[in-house]
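K.L.:
Kindly generate the corresponding structure for this input.
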Amino acid sequence: MPHTDPIESVLDKLEGAHLDGHIIHLCTWSDVVKNDLRKTLDRDDAFINKTLAALIDGALDQNGRYHYKSSDSAEDTKEQFSANYVRVQCLLSEWLCIYRAVNVYLDATHYKDDAIDLESFSFEAG
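P.N.:
Numbers count the residues shown, from 1 in each chain. Below you'll find the predicted structure:
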């Protein structure tokens, strides 16, 4: 079964809800980050989507870093990492922020009857 983009999965659950410019911007930004991941890791869409789905599920190692299977083994016991490893960590962090922004925005617009005033919106704990 092919892995789908996690953001597409979130949007599919809305079943025809209006996608405004903000969501379209976040989806485009997500695609840019995914393209960079594809290029950096030299992997296909299925691998990238599977990695992102695992990231959402909390794929952090014991050091709090995102875990992914890399083709190079540039890291050593002295905590020195290749530039590629650091780049992937940054891209995964960036993508996760986008994913969370999509979810927060969709939750906020859903509960406000598709009309949200971002100037006065506040988050409530609970």
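K.L.:
For stretch 58-68, give the mean pLDDT please.
P.N.:
Taken as a whole, stretch 58-68 has an average pLDDT of 62.
K.L.:
do stretch 41-50 as well
P.N.:
90.
K.L.:
Mind listing what's buried along that stretch?
P.N.:
41, 43, 47-50 (16 or more other CB atoms under 10 Å). For the C-beta atoms, the positions are set from N, CA and C on the backbone; glycine is no exception.
K.L.:
Let me have those residues in a markdown table, extended by distance to S93 and secondary structure.
P.N.:
Shown next, in a markdown table, are these (distance: CB to CB, whole Å; DSSP: H, G, I helix; E, B strand; the rest coil):
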| residue | distance to S93 | secondary structure |
| --- | --- | --- |
| L41 | 15 | helix |
| R43 | 18 | coil |
| F47 | 18 | helix |
| I48 | 15 | helix |
| N49 | 17 | helix |
| K50 | 18 | helix |
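K.L.:
Need these in TSV (columns: distance to D107).
P.N.:
Shown next, in TSV, are the buried residues of stretch 41-50 (distance: CB to CB, whole Å):
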residue	distance to D107
L41	31
R43	31
F47	29
I48	25
N49	22
K50	25
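K.L.:
which of these lies closest to Y99?
P.N.:
N49 (11.9 Å; CB to CB).
K.L.:
What count of nearby residues applies to D107?
P.N.:
11 (other CB atoms under 10 Å).
K.L.:
That should have said L96, apologies.
P.N.:
16.
K.L.:
measure it to I7 for me?
P.N.:
11 Å (CB to CB, to the nearest Å).
K.L.:
do T51 as well
P.N.:
14 Å.
K.L.:
Any stretches of this protein with poor pLDDT?
P.N.:
1-2, 16-18, 59-81, 110-126 (pLDDT under 70).
K.L.:
longest helix anywhere in it?
P.N.:
helix 83-111 (DSSP state H).
K.L.:
buried sites along it?
P.N.:
Those would be 85, 87-88, 91-92, 94-96, 98-99, 101-102, 105-106, 109, for helix 83-111 by 16+ other CB under 10 Å.
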